[in-house]
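S.K.: kindly generate the corresponding structure for this input.
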Amino acid sequence: MVLVLEKGASKSDIEAIEKAIYKQKKTAGFNAKKYNGAIKLTEDPLTIQIKLRDEWERDIS
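M.R.: Okay, the predicted model is just below:
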């Protein structure tokens with residue numbers, strides 16, 4: 001959106017532009033707490049991470 005504020009604009013023009021700018025809805029962002037505890041793990045998360053990283057370190061000979 002582009003709003004033009006011309007030189008010599010009245011106070012009511014400036015207020016109208018401010019209302020147009022702040023009327024837009026702000027984005028809330030990502031709510032990570034929503035997914036907290038969603039996956040039930042059977043083993044330690046660090047062990048899982050080590051296993052996944054080891055898959056990339058294969059000996060290609």
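S.K.: how about low-confidence regions in the chain?
M.R.: Per-residue confidence for the chain (pLDDT under 70) gives these ranges: 1, 24-26, 56-61.
S.K.: biggest helix in it by residues?
M.R.: helix 11-22 (DSSP state H).
S.K.: can you show me the CA trace of it as PDB?
M.R.: Output of helix 11-22 as PDB, limited to C-alpha atoms (Å, rounded to 0.1, in the frame of the first residue of the first chain):
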ATOM      1  CA  LYS A  11      -3.800  17.900  10.300                       C
ATOM      2  CA  SER A  12      -7.000  16.000   9.300                       C
ATOM      3  CA  ASP A  13      -5.200  14.600   6.200                       C
ATOM      4  CA  ILE A  14      -2.300  13.400   8.300                       C
ATOM      5  CA  GLU A  15      -4.700  11.800  10.800                       C
ATOM      6  CA  ALA A  16      -6.500  10.100   7.900                       C
ATOM      7  CA  ILE A  17      -3.200   8.600   6.700                       C
ATOM      8  CA  GLU A  18      -2.300   7.400  10.200                       C
ATOM      9  CA  LYS A  19      -5.600   5.700  10.500                       C
ATOM     10  CA  ALA A  20      -5.100   3.900   7.200                       C
ATOM     11  CA  ILE A  21      -1.600   2.800   8.200                       C
ATOM     12  CA  TYR A  22      -2.600   1.500  11.700                       C
END
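S.K.: can you show me the CA trace of whichever helix or strand comes after that helix as CSV?
M.R.: For helix 11-22, the succeeding helix or strand toward the C-terminus, using DSSP states H and E, is helix 45-54. What follows is helix 45-54, C-alpha atoms only, in CSV (Å, rounded to 0.1, in the frame of the first residue of the first chain):
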residue,chain,number,x,y,z
PRO,A,45,15.6,-36.7,21.8
LEU,A,46,19.4,-36.4,21.8
THR,A,47,19.8,-40.0,20.8
ILE,A,48,17.3,-39.5,18.0
GLN,A,49,19.2,-36.5,16.8
ILE,A,50,22.6,-38.3,16.8
LYS,A,51,21.1,-41.2,14.8
LEU,A,52,19.7,-38.8,12.2
ARG,A,53,23.0,-37.0,11.8
ASP,A,54,24.9,-40.3,11.5
